[in-house]
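A.B. asks: got a structure for you, letters missing:
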């Protein structure tokens, strides 16, 4: 059922406003780890949004052909009145991760990564997977 545009996703959002939203409703959380993957012909360019995350809080690991990216975020917002008494204190602490299959032929040295202004950019080359040669071992049959 379509609702008029005056209503948001949750009817209580109009009543409480953004100040009372819980975990996962922060605007940065809705944008966390959105990823674009572009085929450049000889590889892939992956661009991932990590708003509010510092470079030292981002980890990228390659294991068994999977590129695993994790990020940790810790934020704190303080608002005080004119006398310095807290009116509201909000904290957010959380982590998120994603994994992408890039192929078993790709090594750590092949992947180039850059982090700037909350955007992680990864350049991943295309590697041809070499089919494993099947070594047939026959059993000798006597007689």
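C.D. replies: Sure, I can see it. All of these numbers come straight from a predicted model, not from anything done at the bench.
A.B. asks: Mind telling me what element residue 62 is part of?
C.D. replies: Assigned by DSSP states H and E, residue 62 belongs to strand 58-63.
A.B. asks: What strands flank that strand, and is each parallel or antiparallel?
C.D. replies: strand 66-80 (antiparallel) (DSSP bridges).
A.B. asks: Report the beta-bridge partners for residue 115.
C.D. replies: residue 120.
A.B. asks: So that it lines up with my notes, have the first residue be 12 from now on.
C.D. replies: Okay, using 12 as the starting number, the last item reads as residue 126.
A.B. asks: Just give me the neighbour total for it.
C.D. replies: Using other CB atoms under 10 Å, residue 126 has 18 neighbouring residues. (Glycine included, C-beta is placed from N, CA and C.)
A.B. asks: what's the pLDDT at it?
C.D. replies: Per-residue confidence at residue 126 stands at 94 (pLDDT).
A.B. asks: quick one: it and residue 68 touch, right?
C.D. replies: No. Contact criterion CB atoms under 8 Å: residue 126 and residue 68 do not qualify, at 9.9 Å.
A.B. asks: Mind checking the pLDDT average for the strand holding residue 73?
C.D. replies: Averaging pLDDT along strand 69-74 gives 93.
A.B. asks: What is the burial count for the closest residue to residue 137 other than its chain neighbours?
C.D. replies: Closest residue to residue 137 apart from its sequence neighbours, by CB to CB, 6 or more residues apart in numbering: residue 54 at 5.3 Å. Applying other CB under 10 Å, we find 19 residues neighbouring residue 54.
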